[in-house]
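# this is the structure alone, sequence omitted:
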């Protein structure tokens with residue numbers, strides 16, 4: 001309960017808010033909440049951000065989450081926890097990279113109405129900066145990434161992050177090859193405050 005907390009900072013697992021009541025409670029509180037959205041602190045992300053900032057209106061960002069298909073015996077299958085707990089990282093990343101969202105162009109959810117579950121989702125965003133971004137959440141396998149991929153394109157130029165382990169681009173030769181989803185940099189930043 002945010003309102004009754006006596007701490008200066010509250011660390012909350014994502015997402016911070018999942019309904020209007022919680023949003024009103026958060027807005028009316030004077031508490032600072034930190035949700036651990038580590039991908040914005042990754043060295044890979046900083047590489048993409050510096051490129052988007054050059055000309056966001058000509059850029060397109062695609063974020064892919066490739067997750068294993070769950071069966072109906074798994075408790076998380078019905079809860080929506082996979083969308084909230086995983087896809088929110090890429091939605092946060094898109095907002096971090098592109099700035100304020102002015103329009104949600106479409107949300108497509110492939111529902112299995114008999115099982116009351118959603119396993120496929122696409123969220124398309126238009127940002128104040130002019131950037132367009134899409135977040136894909138899918139149970140389909142792909143040869144191009146293991147779990148996550150971030151693809152920035154502007155005309156013929158591209159930057160591709162594969163599972164936050166490697167980066168490829170036709171804009172620069174230097175490579176960052178490490179498993180860096182930004183966790184260490186995020187904690188360093190938090191501890192500075």
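Now that the structure is in, tell me what you want to look at. Because the structure is a prediction, the values reported are computed rather than measured.
# low-scoring stretches of this structure, by residue?
When residues are selected by pLDDT under 70, those of the chain lie in 1-16, 18, 31-34, 68-85, 108-119, 139-146, 174-178, 193.
# residue contacts, residue 37?
14, 88-89, 92-93, 96, 186 (CB atoms under 8 Å, 6 or more residues apart in numbering). All C-beta spots, glycine's among them, are computed from the backbone N, C-alpha and C.
# so which of those belong to helices?
When the contacts of residue 37 are checked against helices using DSSP state H, the ones located there are 88-89, 92-93, 96, 186.
# now, of these, which are buried?
Under a neighbour-count criterion of 16 or more other CB atoms under 10 Å, the subset of the ones in helices among the contacts of residue 37 counted as buried comprises 88-89, 92-93, 186.
# list just the nearest of the residues you listed to residue 48.
The nearest member of those to residue 48, counting by CB to CB, is residue 93 at 9.0 Å.
# residues touching the closest one, list them.
The neighbourhood of residue 93, defined by CB under 8 Å, 6+ apart, consists of 37, 39-40, 45, 63, 150.
# would you turn these into a markdown table with secondary structure and distance to residue 51?
Output for the contacts of residue 93, formatted as a markdown table (DSSP: H, G, I helix; E, B strand; the rest coil; distance: CB to CB, whole Å):
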| residue | secondary structure | distance to residue 51 |
| --- | --- | --- |
| 37 | coil | 20 |
| 39 | helix | 16 |
| 40 | helix | 15 |
| 45 | helix | 11 |
| 63 | strand | 15 |
| 150 | strand | 12 |
